[in-house]
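In: below are the sequence and a predicted model for it; my questions follow.
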Amino acid sequence: MNLDPETADLLKNPRWRPEDLGRPIPDSPHAVSACLPTWSDNVAYEEQDPRVVDRLTTGYPRFVFNKHCRDLFADCAQQFARGLEGCLVFPSQQAAAQCAEFVTPRAAGPVRLHEVGRLGTWCVTFPKTAAASAKSFWQHSGVGVSSRQAAAVRSINNRPAAGGLAAKQTLKLRIAATLGVSPQDVWLFPTGMAAFYILHRALQRVYPDRKLVQFGFPYVDSLKIAQTLGPGAHFFPRGDEQDLQQLAALLATESVCGIATEFPANPLLSVPDLARLQESAHAHGCPLIVDDTVAGSWNVNILPAADAVWCSLTKYFSGRGDVMGGALIMNRSSPFAALLLEALQHDYEDLLWDEDAAVLELNSRNATERVAAIGRNAHQLAEFLHAHPAVERVYYPSLAGRELYDKFRRPHGGYGGLLSIVLRNPAQTTAAFYDRLEVCKGPNLGMNYTLACPFTILAHYNELDFAESCGVSRWLIRVSVGLESPDELIERFRVALSGPA
């Protein structure tokens, strides 16, 4: 398999040492992860300790503003802000207006829109006391300006990169071919979360003021969209038989706008019973929406059991970790297809920046081969960890939920590249193990190189008791397996589990 030089280097020389703190992963001004090499570094990041925060040059763009974005914000603040005001920049007037709509009732002062006048971008200014609310919208919605677009807005040339339209057409064809649908059924977005955000707005347009059902413990922002940017959610965190029965009782008494789930879930890799969820949803007049980012459409085909499927293209589709993107795929045979398609037209905009599309197209050319190899490596590592006496539990679809997963697994598909582990005596053993582990360390998944992080610490630091009440240990380590030699990768874990030399 042909790999770019930087990926090849990260496979052999991962970023895991203390001196790597804050370095971008990969070495790119548009990197979507940064090295947090020790357990204490992750805790310090969550507590906004300057020792760590001041070392970060980048991070996941919905959580950490890229430098190109920060510089653009500063330019716009100088031009538009008054006194104690902050600002964010969005790729369209509509996206900026949605931010203002969210922030205004939470701000003790005016929230204003300003046309930047370059490449379609708009600025939102707000009292600095409302900065947290504005950041919340940016994080959960995923519709903020991308780092490449921000750089283009500030450049002298100030024009879109060539080839963006062709790249987007190729992306749609590539995604459609994997799922056996028409390219017209593929909708592109600047992030995966933006795909779900706009879909949720469509659901609210069809079913005003109805709550969403979130079935299974999801990635944090999937739940926050319904809870924070919508009328709320009914949350069934375990996603098991008992939750299915409680869901049936709820649907018998209350109408909802839809049922959302992940296949499998991130980070517990639990596998929902899609057939029963679809049956329940359709019997009660609402669609089933599924996120297949973790499994990937190369491994499974869940579209027949879903009314719509969405995913993050940032992850396995790209693999490099230097670009963001998302996709929504509509099931034309769904009884809700016409309603959802009409509703989507009201809020959908093509906000995927042309240069980002070109990078996604380039990165994804070998996705089929990459994902297959990553899946094989992950399966071997999961089996090794499952048998290791120092490991309390391994979360991986082949070890739990396999029967439900196999119903949708493709003939040559695997079980994906993501797994999570909890060690025995975790309070005493986890931090030291994590610090010794010689793989890249930072938030994100689906990369060509193995990437580990203390997921619950990063995603739920201010609600650890809540996460544990849902079955997610505060000591859980999530591992996104890469393209390393499986024997070499297993040896790295064996050494880290063995303790200090």
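Out: Sure thing, it's come through.

In: and the lowest-mean-pLDDT helix or strand in the chain, what other elements does it pack with?
Out: Ranked by mean pLDDT, DSSP states H and E, the helix or strand of the chain with the weakest confidence is helix 5-12, at a mean of 91. If contacts are counted by 3 or more CB pairs under 8 Å, 6 or more residues apart in numbering; DSSP states H and E, helix 5-12 sits against no helix or strand. Just so you know, the C-beta spots here come from the backbone N, C-alpha and C atoms, and that holds for glycine as well.

In: in the stretch 101-250 of the chain, which spans are strands?
Out: 112-115, 122-127, 186-189, 212-215, 233-236 (DSSP state E, counting those that start in this stretch).

In: so which of those is the most packed in?
Out: When the strands of the stretch 101-250 of the chain are scored by mean count of other CB atoms under 10 Å, the highest mean neighbour count falls to strand 212-215 (a mean of 26).

In: hmm, L303 and A337 touching each other?
Out: No. If you go by CB atoms under 8 Å, A337 and L303 don't touch, sitting 11.8 Å apart.

In: my guess is H386 contacts V394. True?
Out: Yes. Applying CB under 8 Å, one finds H386 in contact with V394, separated by 4.6 Å.

In: of these two, which one has the most company?
Out: V394 (22 against 15; other CB atoms under 10 Å).

In: packing partners of the strand or helix carrying the more buried one?
Out: If you go by DSSP states H and E, V394 is part of strand 391-395. When contacts are defined as 3+ CB pairs under 8 Å, 6+ apart, strand 391-395 sits against helix 367-387, strand 418-423.

In: and it with helix 367-387, angle?
Out: Here strand 391-395 runs at 150 degrees with respect to helix 367-387, directions being taken by axes from the mean of the first three to the mean of the last three CA atoms, to 10 degrees.

In: using PDB, write out every CA atom in the helix or strand just after strand 391-395.
Out: The element immediately downstream of strand 391-395 (helix or strand, assigned by DSSP H and E) is helix 402-406. Extracted in PDB, the C-alpha atoms of helix 402-406 (Å, rounded to 0.1, in the frame of the first residue of the first chain):
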ATOM      1  CA  ARG A 402     -21.400 -10.000  17.000                       C
ATOM      2  CA  GLU A 403     -24.700 -11.600  16.000                       C
ATOM      3  CA  LEU A 404     -26.300  -8.200  15.500                       C
ATOM      4  CA  TYR A 405     -23.300  -6.800  13.700                       C
ATOM      5  CA  ASP A 406     -23.000  -9.800  11.400                       C
END
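
In: my read is that A343 contacts V206, right?
Out: Yes. In this structure, A343 is within contact of V206 by CB under 8 Å, at 5.0 Å.

In: which one's more surrounded, the two?
Out: The residue with more neighbours, out of A343 and V206, is A343; 20 against 17, by other CB under 10 Å.

In: thinking again about what came up before, just the buried residues of the least confident helix or strand of the chain, please?
Out: By neighbour count with 16 or more other CB atoms under 10 Å, helix 5-12 contains the buried residues E6, T7, L10, L11.

In: residues in contact with the last one?
Out: Pointing back at L11 there. By CB atoms under 8 Å, 6 or more residues apart in numbering, the contact set of L11 is L3, N448, Y449, G482, L483, E484.

In: what does the pLDDT read for the first one?
Out: Put plainly, it is L3. Note on L3: pLDDT of 83.

In: now swap in the second one and tell me
Out: According to the prediction, N448 has pLDDT 97.

In: please, which helix or strand holds it?
Out: Using DSSP H and E, N448 falls within no helix or strand.

In: wait, is G86 part of a strand?
Out: Yes. G86: assigned to a strand according to DSSP: H, G, I helix; E, B strand; the rest coil.

In: quick check: it vs A378, distance?
Out: For G86, the distance to A378 (CB to CB, to the nearest Å) stands at 42 Å.

In: neighbour count winner among the two?
Out: Shown here are G86 and A378; by other CB under 10 Å, A378 has more neighbours (26 against 17).

In: which positions in stretch 208-223 come out as buried?
Out: Going by neighbour count (16+ other CB under 10 Å), the buried part of stretch 208-223 is 210-223.

In: which of A337 and L303 has more neighbours?
Out: Using other CB under 10 Å as the criterion, A337 and L303 rank with L303 on top: 23 against 16.

In: state the distance from the more buried one to L274.
Out: To L274, L303 is 10 Å away according to CB to CB.

In: same check, this time on R51
Out: Distance from R51 to L274, by CB to CB: 45 Å.

In: swap in A382?
Out: For A382, the distance to L274 equals 22 Å [CB to CB].

In: where does R70 land in three-state SS?
Out: Of the three states, R70 takes helix under three-state DSSP.

In: could you number the chain from 42 rather than 1 from now on?
Out: Got it, first residue is 42 now, which makes that one R111.

In: give the partner strands of the host helix or strand of C352 in its sheet and their orientations.
Out: Applying DSSP H and E as the criterion places C352 in strand 349-353. As defined by DSSP bridges, the strand partners of strand 349-353 come to strand 329-332 (parallel), strand 367-371 (antiparallel).

In: what angle sits between the next helix or strand after the last one and strand 367-371?
Out: Translated: strand 367-371. For strand 367-371, the following helix or strand on the C-terminal side (DSSP H and E) is helix 378-388. Note on geometry: by the same axes, to 10 degrees, helix 378-388 and strand 367-371 are set 150 degrees apart in direction.

In: I'd like the mean pLDDT over the helix or strand following helix 378-388, please.
Out: Sequence-wise, the next helix or strand downstream of helix 378-388 (DSSP H and E) is helix 395-404. If you average the pLDDT over helix 395-404, you get 97.

In: follow-up on the earlier one: pick out whichever of A423 and L315 has more residues nearby.
Out: In terms of neighbours (other CB under 10 Å), A423 is the more surrounded of A423 and L315; the figures are 25 against 22.

In: can you tell me, leaving aside adjacent residues, what's nearest to that one?
Out: Once flanking residues are discounted, A423 sits nearest to Y437: 4.1 Å by CB to CB, 6 or more residues apart in numbering.

In: I'd say the one you found and Q421 touch.
Out: No. Using CB under 8 Å, Y437 is not in contact with Q421, being 11.0 Å away.

In: neighbour count winner among those two?
Out: Counted by other CB under 10 Å, Y437 and Q421 do not tie: Y437 has more neighbours, with 26 against 15.

In: quick check: angle from the least confident helix or strand of the chain to helix 408-428?
Out: 10 degrees.

In: quick check: next helix or strand after helix 46-53?
Out: In N-to-C order, the element after helix 46-53 by DSSP H and E is strand 65-66.

In: sheet partners, orientation included, of that following strand?
Out: Short version: by DSSP bridges, strand 65-66 pairs with strand 74-75 (antiparallel).

In: tally of neighbours for V94?
Out: Applying other CB under 10 Å, I find that V94 has 14 neighbouring residues.

In: and the pLDDT at it?
Out: For V94, the predicted pLDDT is 95.

In: quick one: it and S510, what's the gap?
Out: V94 sits at a distance of 29 Å from S510 (criterion: CB to CB).

In: cool, V184 as well?
Out: Per CB to CB, V184 is found 31 Å from S510.

In: count the residues that sit near S133.
Out: S133 has 16 neighbours, counted by other CB under 10 Å.

In: leaving out the residues flanking it, which one is nearest to it?
Out: Using CB to CB, 6+ apart, the nearest residue to S133 is E390, at 5.4 Å.

In: got a list of what that neighbour touches?
Out: Contact analysis of E390 by CB under 8 Å, 6+ apart lists S133, Q135, A136.
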